[in-house]
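K.L.:
Generate coordinates for the sequence data below:
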Amino acid sequence: MNDIIIAGNGIVGSNLYNFFNKSPRLFDPIKNLLLDNTTCDIAFICVPTDNVDDVCDLSSVKNCLTVIQANIYVIKSTVPPGTTEALAAETGKAILFSPEYYGNTPNNKDLNQGFVILGGVRPYTDRVAQLYMHHTPSNYKIEITDATTAELVKYMENSFIATKVSFMNEFYRISRLFDLDFQKVRSLFLMDERFSPFFSYVFEDQPYYDSHCLNKDLPALISHLNNLKNHNPKLLESIVEINRRWKEEYQQEQNI
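P.N.:
Predicted coordinates for the structure are as follows:
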């Protein structure tokens, strides 16, 4: 049986703890969850990676790599593409990246995705895959890829969510211009089975996205692409800017 430590007991860490039937040891100094022995086989890193000046702060991740002595580290915290490979080269440690899909909104917080993505090199990905196989039915999907692909997929997911939420909010405003019932517009739109209902709600008391993950991940990706690859992701920049404007306009209307 693998000895597991989960570093970070927030939304991701607590869900992962339950996923593994509460068998891992929890480590979170902020919540006074301390361990006398921080040596383990596999360590899942689920700590915050908030932004500092729109740059992803990796200090908590790096601290876990120092404090915890594991055979394999699995980063669940969202980090920019290329981070895991760079940390593995810098430290000489076996480090994987596995994007998390635990939402904290009512319509997806209890969603069982039924899959895991493990990004890294073999045989480490195979060992973590075996761990998941001990906790899942045989129809559970375990996808293995390289770390950078897995990192980009996570940013792609959050960017698409922000795009879809912004799209629905745009048509909410257009419906109001024509004095139409947006809920009817939405329900008719979703009759087409090609479109998923996920993230299609528009909340009149918050007609914009204001998610912790979206607020940090899109600017971090934009900054990373601008600085590392000299690439200007105009679509993502437009989504961030229009959402900022909608939020500002709404707060002005409500005198917030």
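
K.L.:
For residue 5, which three-state class applies?
P.N.:
Following DSSP: H, G, I helix; E, B strand; the rest coil, the label given to residue 5 is strand.

K.L.:
contacts for the helix or strand encompassing residue 74?
P.N.:
Applying DSSP states H and E as the criterion places residue 74 in strand 69-75. Taking contacts as C-beta atoms under 8 Å, 6 or more residues apart in numbering, the residues outside strand 69-75 that touch it are 5, 38-45, 61, 64-65, 83-84, 93-98, 118, 124, 127-128. Placement of C-beta: from N, CA and C, glycine included.

K.L.:
now these: which count as buried?
P.N.:
With burial judged by 16 or more other C-beta atoms under 10 Å, the buried subset of the contacts of strand 69-75 is 5, 38, 40, 42-45, 61, 64-65, 83-84, 93-98, 118, 124, 127-128.

K.L.:
Just to be sure, which of the residues you listed are found in helices?
P.N.:
61, 64, 65, 83, 84, 124, 127, 128 (DSSP state H).

K.L.:
Using TSV, please lay out those together with pLDDT and distance to residue 153.
P.N.:
As requested, these are arranged in TSV below (pLDDT from 0 to 100; distance: C-beta to C-beta, whole Å):
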residue	pLDDT	distance to residue 153
61	98	18
64	97	22
65	97	22
83	98	14
84	98	13
124	97	19
127	97	21
128	97	17
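
K.L.:
And those, which is closest to residue 28?
P.N.:
Of all those, residue 64 has the smallest distance to residue 28: 10.4 Å, by C-beta to C-beta.

K.L.:
hmm, back to that, give the partner strands of the strand holding residue 74 in its sheet and their orientations.
P.N.:
strand 39-45 (parallel), strand 95-97 (parallel) (DSSP bridges).

K.L.:
what is the mean pLDDT for that strand?
P.N.:
Averaging pLDDT along strand 69-75 gives 98.

K.L.:
Pop the domain breakdown of this protein in here.
P.N.:
Domain assignment for the chain by automatic domain parsing gives 4-146, 153-253.

K.L.:
Just say which of those domains is most tucked in.
P.N.:
When you average the neighbours per residue for each of the domains of the chain (mean count of other C-beta atoms under 10 Å), domain 4-146 leads with a mean of 17.

K.L.:
That one: how far from the chain's middle?
P.N.:
11 Å (C-alpha atoms, centre = their mean, to the nearest Å).
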